[in-house]
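[1] Predicted model, plus sequence, below.
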Amino acid sequence: GYEPVRERCEGGGAVVRMRNCPFHVVAEQFPPLLCGMNLALLEGLVEGSDGVRVRMDPRPGWCCVAADTSKDNED
């Protein structure tokens with residue numbers, strides 16, 4: 001799975017980062033495709049959630065998507 005980890009942010013919010021990309025073997029060959037699919041999958045998962053926003057946040061060794069939780073999130 002994604003192996004999510006929660007990090008606290010300034011201002012009382014949090015970022016949930018994914019330690020693992022379940023599709024990392026394919027993502028190594030086609031990063032834009034797989035990162036876009038991960039983003040769409042997680043956007044669908046949080047759709048309708050108050051104060052949760054999914055965004056691209058690529059980091060070496062991590063999944064390219066992170067979720068922000070904050071009182072100030074607006075889309």
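    Arrived safely, thanks for sending. Residues are numbered from 1 along each chain as shown.
[2] now the single longest helix found in the chain, how far from the centre of its chain.
    In the chain, taking DSSP state H as the definition, the longest helix is helix 31-46. Computed by Cα atoms, centre = their mean, to the nearest Å, the separation of helix 31-46 from the middle of its chain amounts to 8 Å.
[3] what comes up buried for stretch 51-58?
    For stretch 51-58, the buried set under the neighbour-count rule, 16 or more other Cβ atoms under 10 Å, comprises Val52, Val54. C-betas here are computed from N, CA, C, even on glycine.
[4] go on, stretch 55-70?
    Trp62, Cys63, Cys64, Val65, Ala66, Ala67, Asp68, Thr69.
[5] Also stretch 17-30?
    Result for stretch 17-30 [16+ other Cβ under 10 Å]: buried residues Arg17, Met18, Cys21, Phe23, Ala27.
[6] that older thread, can you tell me which of the buried residues of stretch 55-70 are in strands?
    Those of the buried residues of stretch 55-70 mapping onto strands are Val65, Ala66, Ala67, Asp68, Thr69, per DSSP state E.
[7] give me the beta-bridge partners of the nearest residue to the third one once chain neighbours are set aside?
    The spatial neighbour of Ala67 that comes closest, neighbours along the chain excluded (Cβ to Cβ, 6 or more residues apart in numbering), is Val16 at 4.3 Å. Under DSSP bridges, the beta-bridge partners of Val16 are Arg6, Ala67.
[8] As JSON lines, the buried residues of stretch 55-70 with pLDDT and distance to Asp50 would be great.
    As requested, the buried residues of stretch 55-70 are exported to JSON lines (pLDDT from 0 to 100; distance: Cβ to Cβ, whole Å):
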{"residue": "Trp62", "pLDDT": "90", "distance to Asp50": "26"}
{"residue": "Cys63", "pLDDT": "91", "distance to Asp50": "23"}
{"residue": "Cys64", "pLDDT": "92", "distance to Asp50": "24"}
{"residue": "Val65", "pLDDT": "93", "distance to Asp50": "19"}
{"residue": "Ala66", "pLDDT": "94", "distance to Asp50": "18"}
{"residue": "Ala67", "pLDDT": "93", "distance to Asp50": "13"}
{"residue": "Asp68", "pLDDT": "90", "distance to Asp50": "13"}
{"residue": "Thr69", "pLDDT": "78", "distance to Asp50": "9"}
